[in-house]
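Novice: coordinates only, sequence not included:
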């Protein structure tokens, strides 16, 4: 059966990299697809939908309210804008010009990440001015405290595999500083699995992706205090207008969160699955394979492949590129390619796709391709 991808001349990707934006996020379950299709068949007052959906989503996060967004990046921009402009229409419509309001957003240098775009650019879109403190591998509470002035609008903490955590100030210290100085704390927890853990830290606003761990459509959510979430929604009358979220996306997000168990698939089953895969791949020339846990501490187990360039005939980056240029294109997790390591993420892979991945690697490394 022909698909739109076929009509456009595209080969569907074989995704062994993870729930990546560049590969379309998550594979949606049928109930989520059905909810989006139902929403597409009619009309609704969008302001009412955002409020009703926020109430429903808040049950999963344990917060007072939630604002649906087009993604976690939009969530950061909207959260910053909300803390600068509040619900004042005049101030909202002036953004990203803060017009004299406190606009500095303090974050640790190790958290000023590039996730596909610069995090600091999202802050700027919301009218904020990033203030990076400390060094990439060392920040102290004193660095944060010294950066706080009467221009400070927020403290921002990033929980991500992209961010450096070693040598950085922990979130509880940042939350305590925020309470002491009366400064709101934003947490970027985009790909995190536990929807209640991060709001429970005392952070004022927490941003999640809806299209990653949750398994929803490309979307996101900001959760927190009711007054701050009302200010987040108000930004759709300003800088949030080009980030507006559609009724179909909201419906899919609500359905996905309702079905979401709050964690990854059974971690022991996942670890066993990756152990079996690693045992097979470890036999290929130039590969050493083992099971590793997610670097950000999530309950995700992957098969890590260390590439011996001399034996494999190409380095890790070259092997990843060769797989990606094939038909269908195959994508491994290549965050550590510069150190000779690749990884297989089990979450997006069906059993059939796992077999095709093994066949492709076997063909390349044993010279059959």
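Specialist: Cool, the structure landed. Remember, it's a predicted structure, so these values are computed and weren't measured experimentally.

Novice: what about residue 42, how many residues nearby?
Specialist: A count of neighbours around residue 42, defined by other CB atoms under 10 Å, yields 7. C-betas here are computed from N, CA, C, even on glycine.

Novice: ok, now which ones touch it?
Specialist: By CB atoms under 8 Å, 6 or more residues apart in numbering, no residues touch residue 42.

Novice: wasn't it part of a strand?
Specialist: No: secondary structure assignment places residue 42 outside any strand; it is coil (DSSP: H, G, I helix; E, B strand; the rest coil).

Novice: and it, how far is that from residue 248?
Specialist: In this structure, residue 42 and residue 248 are separated by 11 Å, where distance is defined by CB to CB, to the nearest Å.

Novice: same deal with residue 212?
Specialist: Counting by CB to CB, the separation of residue 212 from residue 248 is 19 Å.

Novice: just residue 181 next, same as before
Specialist: Here the criterion is CB to CB. By it, residue 181 lies 41 Å from residue 248.

Novice: and these two? Which one has more around it.
Specialist: Neighbours were tallied for residue 181 and for residue 248 using other CB under 10 Å; the higher tally belongs to residue 248 (17 against 13).

Novice: helix or strand: which one has the more buried one?
Specialist: Taking DSSP states H and E as the criterion, the element that holds residue 248 is helix 247-259.

Novice: helices or strands next to that helix in the packing?
Specialist: Helices and strands touching helix 247-259, as assessed by 3 or more CB pairs under 8 Å, 6 or more residues apart in numbering; DSSP states H and E, comprise helix 30-40, helix 46-61, strand 65-69.

Novice: summarise which helices and strands the longest one is packed against.
Specialist: Which is helix 46-61. strand 65-69, strand 220-224, helix 226-234, helix 247-259.

Novice: list the strands paired with the second one, with their directions.
Specialist: The strands that strand 220-224 pairs with in its sheet are strand 65-69 (antiparallel), strand 205-209 (antiparallel) (by DSSP bridges).

Novice: can I get the helices and strands packed on helix 247-259 in CSV including distance to residue 188, mean pLDDT and mean neighbour count?
Specialist: Formatted as CSV, the entries for those read as follows, by distance: least, CB to CB, whole Å; pLDDT from 0 to 100; neighbours: other CB atoms under 10 Å:
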stretch, distance to residue 188, mean pLDDT, mean neighbour count
helix 30-40, 24, 98, 16
helix 46-61, 15, 98, 18
strand 65-69, 12, 98, 29
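
Novice: tell me which stretches of the stretch 151-300 of the chain form strands.
Specialist: All strands of the stretch 151-300 of the chain, identified by DSSP state E, counting those that start in this stretch, fall at 152-158, 185-188, 205-209, 220-224, 287-293.

Novice: identify whichever of those lies nearest to residue 73.
Specialist: Between residue 73 and the strands of the stretch 151-300 of the chain, the shortest separation by CB to CB is 7.7 Å, and it involves strand 220-224.
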